[in-house]
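**Q** coordinates for the following, if possible.
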Amino acid sequence: MRNRILSVIIFIAFFSLSAQAQLTRIVFKKWGNYHNLLGIKAGDQNGDGINDFWLGNHDSTGQGYLELYYGGDPIDTIPKMRLKCMVYLNAIKAASIDLNGDGYNDLILSESRLHELKVYFGGPLLDTIPDMVIPFPDTTAWSSLFYNSTNKWIDFDGDGVQELLVRYYYQESWHRPFLAFYKTGSEFTGEPYRICYLDTGYYTVDYYRYEVGDFNGDGCTDLFEYIKHPDDPDDKSLMVIYGNSDFNFDDRFVFKLYSDSVVSDFTEYTLAFPDMDGDGKDDFIHVNHITYQYPWYMDKKITTGGYPPFEYKLAWRAFNDQLRGSDARPLPSPGDFNGDGKPEFLGGTEFSEYLWLGGNPRTRDMVADQKFEGYMGRGLIGDVTGDGVDDFITSTITNRYVTQPGFAVIFAGDRTFVSVKDEAEQSVPESVKIEAYPNPFNPSTKLSYTVPSTGWVTLSIYNISGELMVQRDLGEKYAGSYEEEINLGKTGAASGVYFAEITFVSGSDVKKEKVKLQLLK
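**A** I've put the predicted structure just below:
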């Protein structure tokens, strides 16, 4: 009998631990000078079957570097090689893809000062001497930007082979930038396969406002560009260039921001997001300006991809952070950290990173599945421990906008990392209800209430004469159960009877429910 009881206790303890498991096991910790964007995949360079990664670091003068670390568990903190490279808030001036088709990821660095790209072929012979130098197609171009810089897969023509995609741009805002597509594998020559001139000039601040993904599900990578007229900052548009086998850049859709009701969710802060709902189309993440929950916090939502006029539906909603636009770039989804095949969402505040697990739509609250308090920064490094689950890289810097000293830290992915909300889904309430406990009370009580669908909730407290004592705007809520604590002692209320009323508004439907309260002093 005692063995059975012990087994039950062990089972319950294990289940509780599994249901609330988080990313806590650190496999890499390295002191350095870091920025917001920390690292990119390197593939398996030493042939041990475990992926490696490039870490963006800086020396004491501010010079940026990429350092190569071999994967493992734990990971050796001594870099295998080091190359000069510019590392910014939103971009690393490098790309890591297999250019020559030998199965090893190669590294391509941009040397804007010299108007050239330097190529380092990966594998056992990888060293600090470039194997190839590619001049800019137009040597008067000022600089370049890799669309593959955060390991994004780009296959514009849908043939199953990646292209290297580089944007070349100029100092003059009136000078049109252009995109150069380089074929890889047996077709890699160092010469652009196709060039696409963009329709308009870009201000400097707009260089990084681009997204890629397969938004219409045809197997070809589409380009999602933010456009601002160089002479009219209010003339802003979003443009999607749809991938196709003919490299026909006229297959595009352009719409003005804030003016097209069909795509009203789309703003300059819209980002691309990996396929969340499993329909084969990459999705979009938007700032939902209507439902601010707390000061400086913004509700986010994800809508599905599609063909113009974007016949999208809500795929995922209810997370709340402080980052939007360029602050959220790059990598709103830095990996799949629990191996369930669903991309996670990484948000953040001015001092921490917040992680939401991908999967079922959140219908009740905006609570992150894990808050990395005191950590900041992100990267896409994939599985660097060899267990088949992506690992999460972040750092202990305290300001994502500047280079700072701190530790780069990698948390190992964990298949037991699941949302407590996914483990114990609650039934959807059928009506608006409100209860109070304790009641009578002094000086505070908790109000438990339910709402049957998505709507706006307001809490009001009245005295027995109907005079309004307290009113709180609780914001938009989703079908579910909630709690709100009130403290009438702070209002100077006397002993007596009061009423708490919940007002629920969903479209034209308005429901109200009251509960009698008794304050005893």
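**Q** list the buried residues in stretch 78-92.
**A** Judged by neighbour count using 16 or more other Cβ atoms under 10 Å, the buried positions of stretch 78-92 are 79, 81, 83, 85-87, 89-92. C-beta coordinates here come from the backbone N, C-alpha and C atoms, glycine included.
**Q** among the residues you listed, which lie within strands?
**A** 81, 83 (DSSP state E).
**Q** closest to Leu520 out of the buried residues of stretch 78-92?
**A** Closest to Leu520 out of these is Leu89 (55.8 Å), distances taken as Cβ to Cβ.
**Q** now do the contacts for the closest residue to that closest one other than its chain neighbours.
**A** Distance criterion Cβ to Cβ, 6 or more residues apart in numbering; nearest residue to Leu89, sequence neighbours excluded, is Asn36 at 4.7 Å. For Asn36, the contact set (Cβ atoms under 8 Å, 6 or more residues apart in numbering) comprises 88-90, 376-378, 400-401.
**Q** centre of the chain to stretch 39-52, how far?
**A** 23 Å (Cα atoms, centre = their mean, to the nearest Å).
**Q** wait, stretch 371-388
**A** The answer for stretch 371-388 is 13 Å, by Cα atoms, centre = their mean.
**Q** do the same with stretch 406-421
**A** With Cα atoms, centre = their mean, you get 15 Å for stretch 406-421.
**Q** please apply the same query to stretch 222-229.
**A** Distance, centroid of stretch 222-229 to centroid of chain: 19 Å (Cα atoms, centre = their mean).
**Q** could you check how far Thr24 is from Ala412?
**A** To Ala412, Thr24 is 9 Å away according to Cβ to Cβ, to the nearest Å.
**Q** which one's more surrounded, the two?
**A** Ala412 (22 against 10; other Cβ atoms under 10 Å).
**Q** my guess is the more buried one contacts Gly71, does it?
**A** No: judged on Cβ atoms under 8 Å, Ala412 makes no contact with Gly71 at a distance of 11.2 Å.
**Q** find residues that contact each of these two.
**A** Thr385.
**Q** how near is Asn90 to Val470?
**A** 44 Å.
**Q** which residues touch the residue nearest the centre of the chain?
**A** Compute the mean C-alpha point of the chain, and by Cα atoms, centre = their mean the closest residue is Pro332, 1.4 Å away. Neighbour list for Pro332: 271, 273, 285, 345-347 [criterion: Cβ under 8 Å, 6+ apart].
**Q** let me see the backbone angles for it.
**A** phi -60, psi -20 (degrees, to the nearest 10).
**Q** next: Leu488.
**A** phi -70, psi -20.
**Q** wait, doesn't it sit right on Asn463?
**A** No: look at Leu488 against Asn463 with Cβ under 8 Å: they stay out of range, at 9.8 Å.
**Q** joint contacts of these two?
**A** In contact with both Leu488 and Asn463: 469, 498, using Cβ under 8 Å, 6+ apart.
**Q** surely Ile486 is within a strand?
**A** Yes: according to DSSP: H, G, I helix; E, B strand; the rest coil, Ile486 belongs to a strand.
**Q** neighbours around Asp210, how many?
**A** For the record, residue 210 is Tyr, not Asp. Neighbours of Tyr210 (other Cβ under 10 Å): 20.
**Q** the residue nearest to it when sequence neighbours are not counted sits in which helix or strand?
**A** Once flanking residues are discounted, Tyr210 sits nearest to Glu225: 5.4 Å by Cβ to Cβ, 6+ apart. Taking DSSP states H and E as the definition, Glu225 sits inside strand 222-229.
**Q** name every strand pairing with that strand and say which way it goes.
**A** Looking at strand 222-229 with DSSP bridges, its partner strands are strand 210-213 (antiparallel), strand 232-241 (antiparallel).
**Q** buried ones in that strand, by neighbour count?
**A** 222-228.
**Q** CSV for those, including pLDDT?
**A** Output for the buried residues of strand 222-229, formatted as CSV (pLDDT from 0 to 100):
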residue, pLDDT
Asp222, 93
Leu223, 89
Phe224, 83
Glu225, 80
Tyr226, 76
Ile227, 75
Lys228, 73
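**Q** nearest to Gly160 among these?
**A** Of those, the one sitting nearest to Gly160 (Cβ to Cβ) turns out to be Asp222, at 16.2 Å.
**Q** what residues are up against that closest one?
**A** Per Cβ under 8 Å, 6+ apart, neighbours of Asp222: 212-216, 240-243.
**Q** 6 Å - rerun?
**A** 215, 240, 242-243 (Cβ atoms under 6 Å, 6 or more residues apart in numbering).
**Q** any idea how far it is from Glu211?
**A** Counting by Cβ to Cβ - Asp222 and Glu211 are separated by 9 Å.
**Q** picking up where we left off before, of the contacts of Asp222, just say which sits nearest to Gly406.
**A** Out of these, the member with the shortest distance to Gly406 (by Cβ to Cβ) is Phe215, at 36.5 Å.
**Q** name all residues that make contact with the closest residue to the closest one other than its chain neighbours.
**A** Counting by Cβ to Cβ, 6+ apart, Gly305 is the residue found nearest to Phe215 once chain neighbours are left out, at 3.7 Å. Residues near Gly305 by Cβ under 6 Å, 6+ apart: 215, 281-283.
**Q** just the helices in the chain please.
**A** Along the chain, counting by DSSP state H, helices occupy 2-19, 420-423.
**Q** for those helices, which has the smallest mean pLDDT value?
**A** Mean pLDDT values for the helices of the chain show the minimum at helix 2-19, a mean of 41.
**Q** check contacts around Leu145.
**A** Per Cβ under 6 Å, 6+ apart, neighbours of Leu145: Arg167.
**Q** low pLDDT regions in the stretch 351-500 of the chain?
**A** Residue ranges of the stretch 351-500 of the chain with pLDDT under 70: 359-367, 419-428.
**Q** contacting residues for Tyr437?
**A** Counted by Cβ under 6 Å, 6+ apart, Tyr437 has contacts Lys446.
**Q** same deal with the one 3 residues further on?
**A** Under the criterion of Cβ under 6 Å, 6+ apart, the neighbours of Pro440 are 518, 520.
**Q** what about the strands in the stretch 351-500 of the chain?
**A** 352-356, 370-373, 378-380, 392-395, 404-411, 433-437, 444-451, 455-463, 468-477, 480-487, 496-506 (DSSP state E, counting those that start in this stretch).
**Q** now the fifth one: buried residues?
**A** Right, the one you point to is strand 404-411. So for strand 404-411, counting by 16+ other Cβ under 10 Å, buried means 404, 406-411.
**Q** what residues does it touch?
**A** Contacts of strand 404-411 (Cβ under 6 Å, 6+ apart): 23, 26-31, 33-34, 38, 391-397.
**Q** how far does that strand sit from its chain's centre?
**A** Taking mean C-alpha positions (Cα atoms, centre = their mean), strand 404-411 and its chain are 19 Å apart.
**Q** what angle sits between that strand and strand 352-356?
**A** 20 degrees (axes from the mean of the first three to the mean of the last three Cα atoms, to 10 degrees).
**Q** pairing partners for strand 404-411, with directions?
**A** strand 26-34 (antiparallel), strand 392-395 (antiparallel).
**Q** next one: the first one
**A** Sheet pairing for strand 352-356, assigned by DSSP bridges, gives strand 345-348 (antiparallel), strand 370-373 (antiparallel).
**Q** give the buried residues for it.
**A** 352-356.
**Q** thinking again about what came up before, now the buried residues of strand 404-411 as CSV including distance to Gly103?
**A** Output for these, formatted as CSV (distance: Cβ to Cβ, whole Å):
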residue, distance to Gly103
Gln404, 37
Gly406, 35
Phe407, 33
Ala408, 28
Val409, 30
Ile410, 25
Phe411, 29
